[in-house]
Structures are given as C-alpha cells and as structure tokens.
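Undergrad: got a predicted model here, sequence first, then my questions.
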Amino acid sequence: MKILSLVAMITAGIWLNGLYDNGDGKKTALLPIHEPPSEAYNMNEAKKRGDIIWGYEYYNIERFHEFLANTNAKMKDKIRITSYTMEGDPIFKDLVFDGKKYHYTFDNSHDAYAGQDKGIYKDICSEILMEEPAEPAFILNGCSKQVDTTELF
C-alpha cells in the first residue's frame with residue numbers, strides 16, 4: 001500500500017505545482033499539450049492490459065517494483081498506472097524510462113469533472129528517489145517543467 005502513494009504524488013507534485021521556470025526566469029503556466037487522449041477503458045480491460053491500478057482497487061503493484069528494479073539497472077522499461085474517479089472515469093499516468101530519463105505523461109482527458117485542468121501533460125525527469133520519513137515516498141526529481149522535485153508518495 002505504501003508504494004501506491006507514489007502514484008498520487010507523481011500526479012500531485014507535477015501537476016499541482018502549476019508553474020515552471022522556462023529557463024529565462026519567468027514562471028509559465030503548465031498547459032496541456034494538444035495530443036489525442038488515450039482510449040478510455042474500464043478496470044477489467046486495464047487488468048488485461050497489465051496496468052498498475054490504484055485507488056478503489058489495487059492491482060499489479062509488483063509490476064511497479066519490477067519497473068524500479070529495471071530502471072535502477074538502467075534497463076529501458078515502461079508502465080501505465082491507471083486510476084478511476086468516483087464516476088469511473090480513467091486517469092492514465094505513463095512512465096517510460098529510456099535508459100537515462102523518465103518520460104512522464106498524465107492524461108485526465110476522460111475525467112468529466114477535471115475542469116480547466118483537463119488534458120494531457122508531459123514532463124521529463126532525471127531520476128526517481130526514495131525517501132523514508134514516516135512512510136516511504138518516491139520522488140521524480142530533475143523534471144524539466146517544474147521548479148522543485150515531484151513527490152510521488
């Protein structure tokens with residue numbers, strides 16, 4: 001269960017930060033990119049596809065541990081973390097490790113109640129760190145579109 005908090009922090013840290021420094025000292029709003037969203041699918045389909053599911057139900061958490069082991073060994077790997085809103089709308093979080101960097105995509109374009117923050121957001125981060133305060137926390141660090149590190153609970 002502690003690993004699951006990672007997923008929440010990935011999302012919260014990157015996207016709730018809201019602003020990033022674009023290199024010239026100016027703060028810029030983090031806007032969704034214009035890219036077609038992933039196809040929406042239900043929890044049963046997510047399980048068939050091998051997604052890591054967290055939220056109301058937890059599934060395939062061992063795949064996250066495998067992803068961490070692979071990325072620590074500098075092996076290319078990718079995972080999709082899928083959560084569902086109370087209404088059943090999917091929210092997708094993709095992490096792709098290219099052997100050097102973590103490419104993170106957050107897609108809440110199917111969330112009927114996402115409001116003005118609805119869309120697809122991307123970032124590239126240099127590492128995942130683990131901290132152990134009261135509970136282990138995972139942090140995406142060195143991300144291009146944010147000022148601080150991104151906690152992943």
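TA: Thanks, I have it.
Undergrad: and the residue nearest to Asn42 when sequence neighbours are not counted, how far from Asp117?
TA: Once flanking residues are discounted, Asn42 sits nearest to Gly88: 7.2 Å by C-beta to C-beta, 6 or more residues apart in numbering. Any C-beta I mention is one placed from the backbone N, CA and C, and that applies to glycine too. In this structure, Gly88 and Asp117 are separated by 19 Å, where distance is defined by C-beta to C-beta, to the nearest Å.
Undergrad: do the same with Leu129
TA: Leu129 is 26 Å from Asp117, where distance means C-beta to C-beta.
Undergrad: thinking again about what came up before, neighbour count winner among Gly88 and Asp117?
TA: When neighbours are counted by other C-beta atoms under 10 Å, Asp117 comes out ahead of the other of Gly88 and Asp117, with 15 against 12.
Undergrad: that one contacts Phe106, doesn't it?
TA: No - counting by C-beta atoms under 8 Å, Asp117 does not reach Phe106; the two are 10.0 Å apart.
Undergrad: strands of the chain, start to end?
TA: Taking DSSP state E as the test, the strands found in the chain are 19-21, 27-29, 52-53, 77-84, 90-97, 102-107, 120-125, 127-131, 137-141, 150-151.
Undergrad: would CSV of the ones you listed with mean pLDDT, distance to Arg63 and mean neighbour count be doable?
TA: Compiled in CSV, these are given as follows (pLDDT from 0 to 100; distance: least, C-beta to C-beta, whole Å; neighbours: other C-beta atoms under 10 Å):
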stretch, mean pLDDT, distance to Arg63, mean neighbour count
strand 19-21, 40, 30, 15
strand 27-29, 39, 33, 10
strand 52-53, 92, 5, 22
strand 77-84, 93, 6, 21
strand 90-97, 92, 11, 21
strand 102-107, 90, 16, 20
strand 120-125, 89, 19, 19
strand 127-131, 79, 15, 14
strand 137-141, 73, 15, 20
strand 150-151, 48, 21, 22
